[in-house]
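Participant: My questions are about this predicted structure, shown below with the sequence.
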Amino acid sequence: MSLPAELSVSELRRMHDAGESFMLLDVREDDELATASLDFARHVPMGSIPERLGELPEGKPIVVMCHGGTRSGRVAKYLREHGFTDVANLEGGIDAWSVEIDPSVPRY
């Protein structure tokens, strides 16, 4: 699978429901995670990414998520610059997931 640079929440849901192999990387802060989260995401705060690159899977697609898509876009770009080739930014972040996919996920 090769991901586009930007991925919609509906496409993320399709991938998850289909059991496709990928990592959803949540780069929000701890307090944001306490408010709203997706149970299939791996949390690594944006500021910790440089020292935790070794925890990320090489050769496996990575979808990066934040609240609205701005921070995750920067992290996706950073990952591509550091050798990760199959990386997508989640358009609209967890806020779009709440609006379009699962309204039980709190908005903030």
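Facilitator: Nice, I can see it. Numbers count the residues shown, from 1 in each chain.
Participant: beta partners of residue 88?
Facilitator: Residues found in beta-bridge contact with residue 88 (criterion: DSSP bridges) are residue 63.
Participant: wait, what's in contact with it?
Facilitator: With CB atoms under 8 Å, 6 or more residues apart in numbering as the criterion, the residues that contact residue 88 are 3, 4, 5, 6, 7, 61, 62, 63, 64, 76. C-betas here are computed from N, CA, C, even on glycine.
Participant: Name only those of those residues that count as buried.
Facilitator: When neighbours are counted using 16 or more other CB atoms under 10 Å, the contacts of residue 88 contain these buried positions: 3, 7, 61, 62, 63, 64, 76.
Participant: what pLDDT does residue 1 get?
Facilitator: Per-residue confidence (pLDDT) for residue 1: 64.
Participant: What about residue 92, how many residues nearby?
Facilitator: In terms of burial, residue 92 registers 20 neighbours under the definition other CB atoms under 10 Å.
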